[in-house]
Each structure stands twice: as structure tokens, then as C-alpha cells.
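Undergrad: Following is a predicted model, sequence given first.
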Amino acid sequence: MESGGGVWRFPAERPLRLDSGATLSPLEVAYRTYGHLNADRSNAVLVLHALTGDQYLASTQPVTGKPGWWTRMVGRGLPLDPDRHFIICANVLGGCMGTTGPGSTDPATGAPWGLTFPVITIADMVRAQAMLVEALGIETLFAVIGASMGGMQALQWAADYPDRVFSAICIAGAARHSAQNIAFHEVGRAAIMADPDWRGGAYESAGVRPEKGLAVARMAAHITYLSEAALQRKFGRELQRDGLSWGFDTDFQVESYLRHQGASFVDRFDANSYLYITRALDYFDLAAAYDGQLAGAFVRARDVRFCVLSFSSDWLYSTAESRHVVRALNAAGCRASFVEIETDKGHDAIFLDEPALDSALRGFLASAAEKRGLP
Amino acid sequence: MREDFREILRLTPAGARVLDVGCGEGDLLDLLTRERGVDGQGLEISAAGVSACLARGLAVVQGDADRDLDSFPTRAFDMAILSKTLQQMRDPRHVVSELLRIADRAVVSFPNFGHWRVRWALLARGRMPETRTLPDPWWSTSNIHLCTLHDFLALTDDLGLRIDACSALSGGRPARPIDPRSTIENWRAEAAVFVLRRG
């Protein structure tokens, strides 16, 4: 699919203010676009990627050579349609696909930031995205849409920039990270930090990479993306070969699958980015700035049209978390749609063939487009 | 068009903020949006119903009226609608009082268990009634809190609500304004539509 984009470099005079109090400059944001901005500049859709996603939404990922991560949702005749929408997807702050992150060069030292990179938050990521959107000449986005961490960003967008968002879609997201969410992330971070090649985060200057630790982090995380039923259906107790090895080779197909997930992940992802982005997720609690009352986050967003979707077998960001968001939207007097999509595919259903997801998005976007005066 | 829908349409002011509780696949909300330009919001328990609503562009939240009405702020809507759903609620009293906390007016319709066919089925045959408005056998019906016209009237009195209007629906004929206190109407009305306000 035809795609534009590049890297937007903000000059040193336009630093990014961070929640921690630190500032970051110069900021670079890598992004891709699909379709064309209309004359009214009213058809822009910002797609927000998940923890390990990137800006290659619907075009070939240059490292893996694989198709974009949401090709089943973005394309001609699909819910996000470059013939009608100007679709933007930016690599997240702290990421490793071109946007400023711990692997970027610290201008003060000329060396990679590593662990001297400031700790970032979901709101910081959104602030960087808002700078890009403004730089692209877009005052109000027709929609912000994201799943998982992207869904959290969509909620943060509506809370922080209610006048710049016409509609917000949060798929399999949450308004806060639970103790279980934090716990799984801590396992991942511990695995990375236990790898001798991590070198306290300064692996790049040592010419090594903590691939073993990062792979284990991915393996643990990947379990949380699948439901027990999906794992059972895909693998059961099936063996790789006839009979057991009576050793610690990959006897079971599920082991082989996880090892493959871990091994292929390290080719395209950076260990320090993983630490920083998981930390940002753990720090996420949208209600915190509103005395713990989530509805407070949405009071200024009464004109935003919200769509919240969850998956019945998702135990990472469960339906209960989405319901919590919806109740707050109701309490704030926001116009909201919410449905729990029946599936046994777990959190991963975001990327899989789920017709109920498509039809919900199509209907929601079509009615929003009508209100916005878009074709 | 369903006669109760026609009656609710008649009672709905243009541009009103409307909450349809138990909106199913959104037929009524869609009608009110097209014909009255309402700012509509739905609440529906079934995923299939909500998905159908979303696909037709309606703002509907999947939820349980028994549990989720309390999340809506006071007087958020001009009108709340409970169309043939009251008898399926676990706590109808709570639901009715919540409707009138959330909205200035509530339109509530329900099948009248005092209708003569219902009474006849029980009296003459000694069996749970299966009628046009109550078509399912007792073991599969989702109606768990059936009431008569006068039962509902007693509830509105008890909650201190004012009745703005009441009409009877029978056999697909147009709605007919009635005095809900009338004994004969408690025999004649197959279903009733009440328009309620806080007292």
C-alpha cells in the first residue's frame, strides 16, 4: 500500500516536557502515513501501537520483512481506509524504530542514552504524538484508535486533548496497570537485567546485546497474550517428535513455539526500550491525576465519541478493566459504546480474524464520519 | 412498526437526550434517531444485540440494567425508556427508581398480567398462561417479575412517582389512552405504556 512518512525532528528549542520533570531534546518521531489529508484536514486517524509494535501499521516491517501488524484493519475497503482516512502511525517515545528512545544518542555525551534516558510515561508518549500531529498541520483528529497499550494512549489522548480528538477507540485496554500486569512486566525486566550481556544497560557501547534475557522476557509476556483455551487448542500436549527426549530439549510444541517467539523478537526489539516502555505501562493510572476518580479524566471529554471493546478470554487486560472505563465514561456523561467480543483467542485477538471486532469498528467509524461530515 | 414503538415515538420530543435500557438490536433507538433526531444512548445485556447496534452506528454500552444504571449521573438524560424489559429485571423497583434519577421522564412498557386471557388461562386451565404477549412456556421464559397494571400502579405510588400519561396496547391496535386506575382496563389492556416523572 502507498505510504508516506519519515522522521520528524523537533529542534532543541522545542523540547518534550516529561511527567518526571525532565525534558528531552532534540526529539525525533518516526512515523508512517497512509492516504491523504483532505482539504478540511478533518479525516486524520492516529493509530496507536501496542508495547512491541511500531509505525509499520500496514507496510512491510523493514527488519523482519513481514507485512504490517494491522493489515487486516487498514487498507482499501477495510475499517481504516486510505481512500477515506489520512492514517498516521508513529513509533512510540522510548521505542526502537526511529523515535527517540534509550538507544538514541544522548547529545550531551555523544553515546547511547542507555539507562541515563529519562523514565517516561504513557502521557509523555501521547505528548510526543500530539507534537507530531500538530507539526503535520492537523488541529483535530477524526479518531485516535489503539489496542492494548495503544488503547491506554487513546484514553490519555481524550483526557489530555479533548478538543483535539473527535472520537476515541480503546480496544483491549485499561485505565491502569494492575498488580498482575506489573508482576508480569517485572519478570520480563528481571530476565533482561539477569543477562550478563545487559551490562547495566550499556550493552551497545560494549558491542553486545542481552538477547537471552530479552527472549525470556518475550516468552513470559507471550503467554499473557494467549488464553488458556487458545494454547490448549493450538498445542495441547503435542510433542515435537515421536516420544519424549528424557532431557530438556523442546519436547512440547508449546515450548518450541515460545522459543521461536523469543528468538525472533530479539531481532527487531531493543532490551532497554522494553524496560522503559514496560515501566511506562506500570506507571499508568489515568485516575491518579484526578484524586483516584477515573470519571474526572473524562469530564472535559464529553464531546468525544468513545468506543471501548474487550475480548471475553483476554486475561491481560480483561473485560472488567474495560467495564471500569465504561462506567467512568457513563459517570462523566460521555457518549460511549462498549461491547465484550466473544472469543477464545485471548489478548492476541486484536491481530487475528475477529469479524465482530471489524463490524463494531466499521459501525462506530461510519456513524462518527457521518457526524463529522466525512464520506 | 410495533405499536409500542409508535407510541414511544409519539411521546419523544425532538432532539431529546434518550437512554434506552434493554435496547436489543437498536430498532427503537434507530427509529428515534431517524425520526426525532434524538441524542441516543443504549444499554443492552447481550453481546449480539450490542454488536448489531454498533454496526448500525448507535452508541450502546453492554451492561446489565440491574447493576449498571448506577454508573450514570443524575439527570443525565431527558428521557429513559424501558420497553418490555421491566419484567426481566431482578430488581424492577430499583430499576424504575434509577430511571427517574437518571432522567426527567421515564417511559415504561410491560405486558399486563391482569389481562383477561392470562386470568382465564390460570383460572380455567390451571396452567401458566401462554399468550401473544407472553409466548414462552414457564420453564424457558426470561420474564421473572410479571405484574398487572394495578401492581405497577402501586409501585409508582410507593416510589412517589407522577403518572404523566398511560395508554393500553392490545392486539396490534393503536395505543389507547386509559385511566390506569380503572378496574376494567386491568382486564382489557394486553400491555401498558406509562410515562412517569418524579413526584
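TA: Cool, the structure landed. The structure presented is a predicted model; accordingly, all values stated were derived computationally and were not measured.

Undergrad: Apart from its chain neighbours, what residue comes closest to the closest residue to chain B within chain A?
TA: Minimum separation of chain A from chain B (CB to the nearest CB) falls at A:Ser367, amounting to 2.8 Å. Every residue, glycine included, has its C-beta placed from N, CA and C. Ranked by CB to CB, 6 or more residues apart in numbering or on different chains and with sequence neighbours excluded, the top spatial neighbour of A:Ser367 is B:Gly57, at 2.8 Å.

Undergrad: B:Pro174 too?
TA: Closest residue in space to B:Pro174, ignoring its immediate chain neighbours: B:Glu3 at 6.3 Å, by CB to CB, 6+ apart.

Undergrad: hmm, back to that, distance-wise, check the residue of chain A closest to chain B relative to A:Asp124.
TA: Using CB to CB, to the nearest Å, one obtains 32 Å as the distance from A:Ser367 to A:Asp124.

Undergrad: quick revisit: tell me which element the residue of chain A closest to chain B falls in.
TA: Element membership of A:Ser367, judged by DSSP states H and E, is helix A:355-372.

Undergrad: on that earlier part again, which one of A:Ser367 and A:Asp124 has more residues nearby?
TA: Set side by side, A:Ser367 and A:Asp124 show unequal neighbour counts under other CB atoms under 10 Å in any protein chain shown, the larger going to A:Asp124 at 24 against 21.

Undergrad: Surely the more buried one touches A:Ile277?
TA: No: taking contact to mean CB atoms under 8 Å, the distance of 11.0 Å between A:Asp124 and A:Ile277 leaves them out of contact.

Undergrad: burial count for B:Arg176?
TA: Under the neighbour criterion other CB under 10 Å, B:Arg176 is assigned a count of 14.

Undergrad: was I right about it contacting B:Ala168?
TA: Yes: with contacts defined as CB under 8 Å, B:Arg176 counts as touching B:Ala168 at a distance of 5.0 Å.

Undergrad: so what's the closest residue to chain A within chain B up against?
TA: When distances are taken as CB to the nearest CB, chain B reaches nearest to chain A at B:Gly57, 2.8 Å away. Neighbour list for B:Gly57: A:Gly363, A:Phe364, A:Ala366, A:Ser367, A:Glu370 [criterion: CB atoms under 8 Å, 6 or more residues apart in numbering or on different chains].

Undergrad: And the nearest residue to the last one once chain neighbours are set aside, what's its pLDDT?
TA: If I follow you right, that is A:Glu370. Nearest-residue entry for A:Glu370: B:Gly57, 7.1 Å, with adjacent residues in sequence omitted and distances by CB to CB, 6+ apart. What the model reports as pLDDT for B:Gly57 is 88.

Undergrad: can I assume B:Gly57 sits in a strand?
TA: No: checked against DSSP: H, G, I helix; E, B strand; the rest coil, B:Gly57 lies outside a strand; its state is coil.

Undergrad: So which residues on chain B come close to chain A?
TA: By the criterion of CB under 8 Å from any CB of the partner chain, the positions of chain B lying close to chain A are B:39, B:41, B:47, B:50-51, B:53-63, B:68, B:71-73, B:76.

Undergrad: Narrow those residues to those in helices?
TA: Mapping the residues of chain B next to chain A onto helices (DSSP state H) picks out B:Ala47, B:Val50, B:Ser51, B:Cys53, B:Leu54, B:Ala55, B:Asp68.

Undergrad: Pull out the buried members of these.
TA: Buried by 16 or more other CB atoms under 10 Å in any protein chain shown: B:Val50, B:Ser51, B:Cys53, B:Leu54, B:Ala55, B:Asp68, out of those.

Undergrad: Name the pair among these with the greatest separation in space.
TA: B:Ala55 and B:Asp68 (21.6 Å; CB to CB).

Undergrad: remind me which residues of chain B are low pLDDT?
TA: Chain B contains no residues with pLDDT under 70.

Undergrad: At which residues are the helices of it located?
TA: With DSSP H as the criterion, chain B has helices at B:3-11, B:27-36, B:47-55, B:65-68, B:92-102, B:116-120, B:149-158, B:183-188.

Undergrad: hey, which of those is tucked in deepest?
TA: Mean neighbour counts were compared across the helices of chain B using mean count of other CB atoms under 10 Å in any protein chain shown; the top stretch is helix B:47-55, at a mean of 22.

Undergrad: and the angle from it to helix A:355-372?
TA: Orientation note: helix B:47-55 sits at an angle of 30 degrees relative to helix A:355-372 (axes from the mean of the first three to the mean of the last three CA atoms, to 10 degrees).

Undergrad: Residues touching helix B:47-55, excluding its own?
TA: For helix B:47-55, with CB under 8 Å, 6+ apart as the criterion, the contacting residues are A:307, A:337-342, A:356, A:359-360, A:362-364, B:23-26, B:29, B:42, B:44, B:60-62.

Undergrad: repeat that with 6 Å
TA: Residues outside helix B:47-55 that contact it (CB atoms under 6 Å, 6 or more residues apart in numbering or on different chains): A:337, A:339-340, A:342, A:356, A:359-360, A:363-364, B:24-26, B:42, B:44, B:60, B:62.

Undergrad: do the same with stretch B:164-176
TA: Among residues not part of stretch B:164-176, those counted as contacts by CB under 6 Å, 6+ apart are B:3-4, B:7, B:177-178, B:180, B:189-195, B:197.

Undergrad: One more pass at 10 Å, please.
TA: The set of residues external to stretch B:164-176 that reach it, using CB atoms under 10 Å, 6 or more residues apart in numbering or on different chains, is B:2-4, B:6-8, B:10-11, B:84, B:105-107, B:109, B:111-112, B:115, B:132-133, B:149, B:152-153, B:156, B:177-182, B:185-186, B:188-197.

Undergrad: got the contact list for B:Asp68?
TA: Contacts here follow CB under 10 Å, 6+ apart; on that basis B:Asp68 touches A:Arg323, A:Val326, A:Arg327, A:Asn330, B:Val21, B:Leu43, B:Ile45, B:Val61, B:Gln62, B:Glu98.

Undergrad: now with 7 Å?
TA: Neighbour list for B:Asp68: B:Leu43 [criterion: CB atoms under 7 Å, 6 or more residues apart in numbering or on different chains].

Undergrad: Next: A:Leu37.
TA: A:Leu37 sits next to A:Asn43, A:Ala44, A:Phe86 when contact means CB under 7 Å, 6+ apart.

Undergrad: Next one, pLDDT for the first one please.
TA: Same thing as A:Asn43. The predicted local distance difference test score for A:Asn43 is 98.

Undergrad: That one: neighbour count?
TA: Counted with other CB under 10 Å, residues neighbouring A:Asn43 total 24.

Undergrad: Pretty sure it sits against A:Phe86.
TA: Yes: A:Asn43 sits in contact with A:Phe86 when judged by CB atoms under 7 Å, with a separation of 5.3 Å.

Undergrad: re the thing from before, okay, the helices of chain B in a markdown table with distance to A:Gly4 next?
TA: Listed next are these as a markdown table, based on distance: least, CB to CB, whole Å:
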| stretch | distance to A:Gly4 |
| --- | --- |
| helix B:3-11 | 48 |
| helix B:27-36 | 37 |
| helix B:47-55 | 31 |
| helix B:65-68 | 44 |
| helix B:92-102 | 47 |
| helix B:116-120 | 68 |
| helix B:149-158 | 62 |
| helix B:183-188 | 69 |
